[in-house]
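K.L.:
one predicted model, sequence on top.
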Amino acid sequence: MKVAVVGATGMVGEVMLKVLAERNFPISELLLVASARSVGKKLSYKGKEHTIIGLETAVAARPDIAIFSAGGDTSLEWAPKFAEVGTTVVDNSSAWRMDASKKLVVPEINASELTASDKIIANPNCSTIQLVMALNPLHKKYQMKRVVISTYQSVSGTGVKAVKQLENEMAGVQGEMAYPYPINRNALPHCDVFLENGYTKEEMKLAREPQKILDDRTFSVSATAVRIPTAGGHSESVNVEFHNDFDLAEVRQLLSETPGVTVQDNPDTNTYPMPIYAHDKDDVFVGRIRRDETQRNTLNMWIVSDNLRKGAATNAVQIAEYLVENKLV
Ligand SMILES: NC(=O)c1ccc[n+]([C@@H]2O[C@H](COP(=O)([O-])OP(=O)(O)OC[C@H]3O[C@@H](n4cnc5c(N)ncnc54)[C@H](OP(=O)(O)O)[C@@H]3O)[C@@H](O)[C@H]2O)c1
């Protein structure tokens, strides 16, 4: 496969190259693409140096697959240009996720929807991916009615600038701000931009994307997204009301049998998921599984995953693997 990684110099791009190498993705030619600021710089992949190229040069090279992690505007403008020359784009931005003509894919859940005519495929939001990975098996069994989620999101979810802001603040150095307030020793109830309804865009992604991925509009999601000064992954406190009652042991069993999900849940040994341990892993970790004693058929749980891996790079590479394995590119 001739593969282009668009946004190769970014936070997600760096992990994308790591994941492609680790999984030994079949690459005959690799095109590393970034903005004009980076063209001509070098990056290495599997020990070999590659020169960063611009988007126009990359389109002219007609790659088989282009994995985009370069922001929504870049995707809106450039993904169609790649699609026009026959490239299949897997896009990490929010540009195409809710477009009715584009698939929104978590491979473990709905990769079978993909066909060779899908030329722009959307990767869901990082906090959505880890949420639906845990909800899907439970929804199938008990049928969800309503989900209430509060997130505790890592600064790496905002990109290179935000990680730098945290590092600067921890070192007592003045520098560029990615957020309107300090993030060190703080919690910002503000992920992505505010919308007219008073929610942030991140909260609305969490509300809408799960319905599209699970192909079911009969349940609702209400979200509060909070940025905290962690770097390893996103954490989520999730309250799920089901139509049907459940057995806690069965819930644990269902989750532990789900590929890509690991249950870490033992209060006796202080065992529960945490971002520093989820860091650099592909799985979605679930713990603190308990019955909500205030309401019927309702479950509480805590979900943690590395937002740059399953939340972005790993999920995108899994989509690309599915396309190759099923001869859809
Ligand atoms: N961070 C996460 O956890 C996460 C998770 C899921 C999805 N995403 C999405 O992935 C994308 C990248 O996020 P990130 O965190 O990696 O951001 P980032 O660290 O700021 O990196 C942005 C990347 O995009 C490139 N870029 C920016 N403008 C461009 C342009 N006009 N043309 C070509 N390349 C351009 C940058 O290249 P230069 O270095 O040349 O500026 C850089 O490689 C965003 O759409 C984000 O929403 C992020």
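P.N.:
Perfect, thanks for sending it. Residues are numbered from 1 along each chain as shown.
K.L.:
and for stretch 67-82, what's in contact with it?
P.N.:
Residues outside stretch 67-82 that contact it (C-beta atoms under 8 Å, 6 or more residues apart in numbering) are 3-7, 10, 12-13, 16, 33-35, 55, 58-59, 63, 66, 89-96, 120, 312-313, 316-317, 320. Glycine gets a C-beta too; all of them are placed from N, C-alpha and C.
K.L.:
make it 7 Å
P.N.:
5-7, 10, 12-13, 16, 55, 59, 66, 89-96, 120, 312, 316, 320 (C-beta atoms under 7 Å, 6 or more residues apart in numbering).
K.L.:
again with stretch 41-53
P.N.:
Applying C-beta under 7 Å, 6+ apart, the contact partners of stretch 41-53 are 8-9, 17, 21, 30-34, 38-40.
K.L.:
in this structure, which spans are helices?
P.N.:
Along the chain, counting by DSSP state H, helices occupy 11-22, 55-60, 72-84, 107-110, 126-142, 160-171, 201-213, 248-256, 275-278, 314-325.
K.L.:
count the neighbours of the residue in the stretch 151-300 of the chain positioned nearest to the ligand for me.
P.N.:
With C-beta to the nearest ligand atom, the shortest gap between the stretch 151-300 of the chain and the ligand falls at Gly159, namely 3.0 Å. By other C-beta atoms under 10 Å, 16 other residues sit near Gly159.
K.L.:
what's the answer for Leu188, then?
P.N.:
17.
K.L.:
tell me the spacing between the nearest residue to it once chain neighbours are set aside and Ala70.
P.N.:
Of all residues not flanking Leu188 in the chain, Arg227 sits nearest, at 4.3 Å (C-beta to C-beta, 6 or more residues apart in numbering). Arg227 sits 21 Å away from Ala70 when distances are taken as C-beta to C-beta, to the nearest Å.
K.L.:
pull the number of nearby residues for the residue of the stretch 1-150 of the chain found nearest the ligand.
P.N.:
Nearest residue of the stretch 1-150 of the chain to the ligand (C-beta to the nearest ligand atom) works out as Gly10 at 2.1 Å. If you count neighbours by other C-beta under 10 Å, Gly10 ends up with 21.
K.L.:
and Ile183, by the same measure?
P.N.:
Neighbour tally, Ile183, other C-beta under 10 Å: 22.
K.L.:
check Leu114 too.
P.N.:
Applying other C-beta under 10 Å, I find that Leu114 has 18 neighbouring residues.
K.L.:
list the contacts for it?
P.N.:
For Leu114, the residues meeting the contact criterion (C-beta under 7 Å, 6+ apart) are 103, 105, 121, 322-323, 328.
K.L.:
try 6 Å this time
P.N.:
Contacts for Leu114 were tallied using C-beta atoms under 6 Å, 6 or more residues apart in numbering; they are Leu328.
K.L.:
swap in Arg97?
P.N.:
So Arg97 contacts 104, 122 (C-beta under 6 Å, 6+ apart).
K.L.:
how about 10 Å then?
P.N.:
Contact analysis of Arg97 by C-beta atoms under 10 Å, 6 or more residues apart in numbering lists 72, 91, 103-104, 122-125, 128, 205, 208-209, 212-213.
K.L.:
ramachandran angles for it?
P.N.:
phi -60, psi -40 (degrees, to the nearest 10).
K.L.:
for Asn270, see how far away it is.
P.N.:
37 Å.
K.L.:
try Pro229
P.N.:
22 Å.
K.L.:
please apply the same query to Lys119.
P.N.:
Taking C-beta to C-beta, one finds Lys119 at 48 Å from Asn270.
K.L.:
so between these two, which is more surrounded?
P.N.:
Applying other C-beta under 10 Å to Lys119 and Asn270 shows that Lys119 carries more neighbours, namely 17 against 6.
K.L.:
list the contacts of the closest residue to that one other than its chain neighbours.
P.N.:
Spatial nearest neighbour of Lys119, excluding adjacent residues (C-beta to C-beta, 6+ apart): Ala83 at 3.8 Å. Each residue near Ala83 by C-beta under 10 Å, 6+ apart is listed here: 59, 66, 89, 118-120.
K.L.:
now render those as TSV, adding distance to Gln253.
P.N.:
Output for these, formatted as TSV (distance: C-beta to C-beta, whole Å):
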residue	distance to Gln253
Val59	48
Ala66	40
Val89	38
Asp118	34
Lys119	40
Ile120	38
